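1. Any chance you could fold what I've pasted below:
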Amino acid sequence: MAEDLYALVTGAGKGIGKAIATGLAERGHNIILSSLPGENLDVLCSVLSEKYHIKAQYFEIDLATKEGPESLFRKTKENGLRVNILINNAGIGIEGPMETYSQKIIDSMILLNIRALTLLTFYFTPELKKRPSYLLNISSFGCYTPTAYKTVYLATKSYIYYLTRALGSEFNGTSVKTCLVIPSAVRTNELTNKRIARAGWLARASVLDPEDVASKILNDMFKGRKVVIPGRINRFIFGISALVPEGIIMAAVRNLFRSEEAL
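-> Predicted coordinates:
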């Protein structure tokens, strides 16, 4: 492993991002971790660098701010860090009737899920094209289906789906391989666990652990897979849903999430 190459993981303080960072370190990759302040990135970097004998850097940046994405890119350049793996994991999701959202909530989802991911991809693409590299973006299992009570969130995830797939075509013939991840619900915190419990037996049966998701993501990314759907049950559900009329699916998910409130 070239010592001067790094994998950059956003949203690395918890959940899938933290598990991906750990998995990369375990595989011998140097890592750059980014998250909001107060998520103990310093401790995580120290533990991973000591345990796996890799280099680990971290930057505490709010990527939903206007200057956030450029600031992260600039800090990597100022520190002479060369990125050959970009993991756009940072994101936020809110559920509930749209009229109960606040403007701040809507801005947060759009600025983080869409703007930050797009700008980071834009900034780092020239660097990625200099050598064999990977661009991995995290979408959502619901990105294919217009879903009541998850309107803005899943609209942002649909954007990620189309952007990543289009870039995969655009990067054809270059050194960059794209990978799109389409996970279902993942156990990340108490709030997520409560939402999973309210969603019923199917949600509980298809819920994933961050470590299992990260392992599947990294194994498939390094194999060159363009689309990754973690979880056997989820892949089965996806295959079946392709045969069901969209109207039936939309009615089912509307009833499923009707009781949710914006948080």
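
2. Any figure for the gap between Gly173 and Lys129?
-> 11 Å (C-beta to C-beta, to the nearest Å). C-beta: built from backbone N, CA, C; applies to glycine.

3. which one of these two has more residues nearby?
-> Lys129 (12 against 6; other C-beta atoms under 10 Å).

4. Quick check: phi and psi at the more buried one.
-> phi -70, psi -10 (degrees, to the nearest 10).

5. Assign the closest residue in space to it that isn't next to it in sequence to helix, strand or coil.
-> What sits nearest to Lys129 in space, not counting adjacent residues and going by C-beta to C-beta, 6 or more residues apart in numbering, is Thr174, at 5.4 Å. Classification of Thr174 by DSSP: H, G, I helix; E, B strand; the rest coil places it in coil.

6. ok, now Lys177?
-> strand.

7. ok, it touching Arg225?
-> No. At 9.0 Å, Lys177 does not count as touching Arg225 under the criterion of C-beta atoms under 8 Å.

8. got the residue ranges for the helices in this protein?
-> 15-26, 41-52, 68-78, 103-109, 117-128, 151-170, 190-198, 201-206, 210-222, 232-241, 246-257 (DSSP state H).

9. Out of the ones you listed, which is closest to Leu86?
-> helix 117-128 (5.1 Å; C-beta to C-beta).

10. Averaged pLDDT, the closest one. What do you get?
-> The average pLDDT within helix 117-128 is 98.

11. Compute the inter-axis angle for it and helix 68-78.
-> 20 degrees (axes from the mean of the first three to the mean of the last three C-alpha atoms, to 10 degrees).

12. Check the gap between the nearest residue to Leu120 once chain neighbours are set aside and Cys179 for me.
-> Leaving out its chain neighbours, the residue that sits closest to Leu120 by C-beta to C-beta, 6+ apart is Pro69, at 5.2 Å. Counting by C-beta to C-beta, the separation of Pro69 from Cys179 is 20 Å.

13. quick one: which of these two has more around it?
-> Pro69 (27 against 24).

14. mind checking how far the more buried one is from Val43?
-> For Pro69, the distance to Val43 - C-beta to C-beta - is 25 Å.

15. Look at Ala148 and report its pLDDT.
-> The per-residue pLDDT of Ala148 was computed as 80.

16. Can you get me a residue count around the residue nearest to Asp62 when sequence neighbours are not counted?
-> The shortest distance from Asp62 to any non-neighbouring residue, by C-beta to C-beta, 6+ apart, is to Gly68 (5.2 Å). Gly68 sits with 22 neighbouring residues when counted by other C-beta under 10 Å.

17. Check the spacing between Gly68 and Tyr52 real quick.
-> 28 Å.

18. And the residue lying closest to Ala12 once chain neighbours are set aside, what's its pLDDT?
-> Distances taken as C-beta to C-beta, 6+ apart place Leu33 nearest to Ala12, at 3.8 Å, with adjacent residues excluded. Here, the pLDDT recorded for Leu33 equals 98.
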